[in-house]
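A.B. asks: sharing a model prediction with you, sequence too.
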Amino acid sequence: AYVHSVGGWLQANCHVMMHSVGRRYGKKEHVTLTKLLNYLPKTNDPGCSAGFAHGLLIALGPQIQKLGPNDAAADCHRAPTRYQRYSCIHGLGHAYARQFADFIDPALASCSKLGSGDALDCSQGVFHDYWISVANLDGTRRTTGAVTSPRRLCAAQPSRYVRVCWYRALLERPPPRAPASPADLLAVCRGLRGLQLSGCLTGASLIRSDDPLEQLRTCAQLSSS
C-alpha cells in the first residue's frame with residue numbers, strides 16, 4: 001500500500017526488488033514446497049507481493065526439481081484465485097530458469113512437463129527471468145552468448161511460446177519511444193510475418209497502454225492503418 005501511494009520509480013521496480021526479499025526469506029525461514037501456500041501473498045497485486053512470491057519460488061528451486069512438475073503445480077493450483085494460481089506457476093518458470101542458469105531451452109522443457117494448461121504461464125516466468133539476467137539484475141549474470149534482440153530470440157522459439165516471448169520481451173525491453181498509435185505498433189513490428197507479427201503486435205499493444213480498453217481500441221484500428 002505504501003509503495004502504491006508513492007508511485008514512481010519505487011512502484012515500477014518493486015516487483016524485481018522483492019525477488020531478493022523472497023529468496024532470502026525462503027532460505028532463512030526454511031520454507032518447504034508443501035507449506036508454500038502458507039507464505040504466498042493473499043492478493044492479486046502483480047507488483048511487490050507477486051515479486052515476493054516469485055523470489056520465494058526461486059529459493060525453492062532445488063525442491064521443485066526434486067519433487068517434479070506434477071507435485072509443484074499441484075501446490076500452485078490450491079491457490080484460491082486465478083491470478084494467484086498464475087503467479088505461482090509463473091514463479092515456477094523463474095525457478096526453472098535459475099536452475100538452468102537462465103538458459104531458455106532446458107527451462108522451457110521443464111515448463112512443458114507441466115502440461116498444456118500450465119506450460120504457457122510457466123514460460124512467462126522463464127522469459128521474464130531471461131531478461132532479468134540479460135540486465136544482470138536480481139543476483140543473476142548474463143549467459144554466454146545471450147541473445148538481446150527480441151526478433152532473434154522469438155524467431156528461435158517453438159511456435160507455442162512465440163507470443164509469450166514477444167509479450168515479455170517488449171514489456172521488459174520496450175523501444176525508446178513507447179508506441180502511441182496503431183501506426184506506431186506496426187512500426188515496432190515492421191518486417192515480421194505470420195506468428196512473429198502476431199506475437200509482436202500483442203506485446204506492442206501492451207506497452208501502448210496498461211488499460212485493456214485502450215489496447216482494444218488501438219487494435220481495432222489496425223485493419224485500416
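C.D. replies: Perfect, I can see it now.

A.B. asks: okay, CA-based contacts and neighbour counts for the rest of this
C.D. replies: Fine.

A.B. asks: so which elements touch the helix or strand bottoming out on mean pLDDT in the chain?
C.D. replies: Taking mean pLDDT, DSSP states H and E as the measure, the chain has helix 69-76 as its least confident helix or strand, at a mean of 81. Helix 69-76 sits against helix 82-99, with contacts defined as 3 or more C-alpha pairs under 8 Å, 6 or more residues apart in numbering; DSSP states H and E.

A.B. asks: list the buried residues in the helix it packs on.
C.D. replies: Neighbour-count burial for helix 82-99 flags 84-99 (criterion: 16 or more other C-alpha atoms under 10 Å).

A.B. asks: quick one: which of these is nearest R141?
C.D. replies: Using C-alpha to C-alpha, R98 comes nearest to R141 of these, at 10.4 Å.

A.B. asks: that closest one: what's it in contact with?
C.D. replies: R98 is in contact with I58, G61, D129, counting by C-alpha atoms under 8 Å, 6 or more residues apart in numbering.

A.B. asks: at 10 Å instead, please
C.D. replies: Shown in contact with R98 (C-alpha atoms under 10 Å, 6 or more residues apart in numbering): I58, A59, G61, P62, L92, I104, A107, V126, D129, Y130, S133, T140.

A.B. asks: could you pull up the contacting residues of P174?
C.D. replies: R168, V188, G203, A204, I207, R208.

A.B. asks: what does F127 give?
C.D. replies: Contacts of F127 (C-alpha under 10 Å, 6+ apart): 90, 93-94, 97, 102-104, 107-108, 133, 161, 164-169, 172.

A.B. asks: check which residues of the helix or strand harbouring A187 are buried.
C.D. replies: Element membership of A187, judged by DSSP states H and E, is helix 182-188. Within helix 182-188, the residues that qualify as buried are P182, D184, L185, L186, V188, counting by 16+ other C-alpha under 10 Å.

A.B. asks: stretch 143-157 now?
C.D. replies: Per 16+ other C-alpha under 10 Å, stretch 143-157 contains these buried residues: P150, R151, L153, C154, A155, Q157.

A.B. asks: number of nearby residues for the residue nearest to D102 when sequence neighbours are not counted?
C.D. replies: Nearest residue to D102, sequence neighbours excluded (C-alpha to C-alpha, 6 or more residues apart in numbering): Y130, at 5.5 Å. Y130 has 29 neighbouring residues, counting by other C-alpha atoms under 10 Å.

A.B. asks: ok, Y130 - contacts?
C.D. replies: By C-alpha under 10 Å, 6+ apart, the neighbours of Y130 are 94, 97-98, 101-104, 124, 136, 140-143, 146-148, 168-169, 172.
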